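Visitor: Fold the following and give me the result.
(one chain, ligands or ions: 1)
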Amino acid sequence: MQELPLSLRDRPLVVRTSTDRCERQVEPGGIVIRPAVSQEQDEIVTFVRSERMNPFDLDWRRFLLATDRSGIVATVQLRHHGDGSRELGSLVVRKDARRRNVASRLIGTLLASAPARVFMITGAAFAAHYRRWGFKPIEPLHAPWPIMRNYFLGTLGGIQSWLAGRRPNTLAILFRNGEVAGSD
Ligand SMILES: CC(C)(COP(=O)(O)OP(=O)(O)OC[C@H]1O[C@@H](n2cnc3c(N)ncnc32)[C@H](O)[C@@H]1OP(=O)(O)O)[C@@H](O)C(=O)NCCC(=O)NCCS
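Guide: Coordinates of the predicted model:
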């Protein structure tokens, strides 16, 4: 795996929270977290689909990106479903930038301005990782319909993986209602 240069690894990420979506200031050697812009729609779709994530509902308006001079380093989005439910999704970090807290910082930035009640679908084996943001597993049948639908689509993808000889990723639905992480 390609290592990031030390200067980049230890450097704090620069977070842009301007409401001006056109603002784009990528500092030399740095990673910027900022909302996506319309011109990035195709790149976002390609980036997310490259990891066999949910290929639907990839609207740039919902996306927060981490970028560097070479382009997108990581993506996350908050899906807005028709029934009012919100789903954190499309969390992908470029392979050479993983294990550097990029995903954690993206999630923290997204949730800082998100409503308290957020769902997400992830590998059941990683559910405990998301407790720090207050996420806890719930029964799929207790989730709102759009979340349940995406969960079953993901499960279907897992069955296809299994049929293709790949190890299936057992999924879980997580929910946070704004409680402080760690409380039961
Ligand atoms: C999962 C992913 C986004 C993590 O990105 P990252 O920037 O490396 O994450 P961070 O550095 O903030 O945190 C690393 C931790 O994420 C954990 N993690 C959480 N969810 C994970 C997942 N679904 N798959 C793999 N690792 C995951 C790892 O176990 C690791 O914890 P550890 O260091 O204690 O072992 C990245 O590995 C990736 O893009 N994977 C492919 C797409 C994917 O599975 N997305 C998750 C959908 S919910």
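Visitor: Kindly list the longest helix within this structure.
Guide: In terms of residue count, the longest helix belonging to the chain (DSSP state H) is helix 145-163.
Visitor: For the protein, which segments count as strands?
Guide: If DSSP state E is used as the criterion, the strands of the chain fall at 14-15, 32-35, 63-68, 71-80, 86-93, 117-123, 136-138, 171-177.
Visitor: Need those in a markdown table (columns: mean neighbour count, distance to P55 and mean pLDDT).
Guide: Bear in mind the C-beta positions are built from the backbone N, C-alpha and C, glycine included. Rendered in a markdown table, the data for those read as follows (neighbours: other CB atoms under 10 Å; distance: least, CB to CB, whole Å; pLDDT from 0 to 100):
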| stretch | mean neighbour count | distance to P55 | mean pLDDT |
| --- | --- | --- | --- |
| strand 14-15 | 15 | 28 | 54 |
| strand 32-35 | 20 | 21 | 96 |
| strand 63-68 | 22 | 14 | 97 |
| strand 71-80 | 21 | 13 | 97 |
| strand 86-93 | 22 | 10 | 98 |
| strand 117-123 | 20 | 14 | 97 |
| strand 136-138 | 16 | 24 | 98 |
| strand 171-177 | 20 | 16 | 97 |
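Visitor: want to try CSV for those strands, with distance to T155 as columns?
Guide: Listed next are the strands of the chain as CSV, based on distance: least, CB to CB, whole Å:
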stretch, distance to T155
strand 14-15, 35
strand 32-35, 31
strand 63-68, 24
strand 71-80, 18
strand 86-93, 15
strand 117-123, 10
strand 136-138, 15
strand 171-177, 6
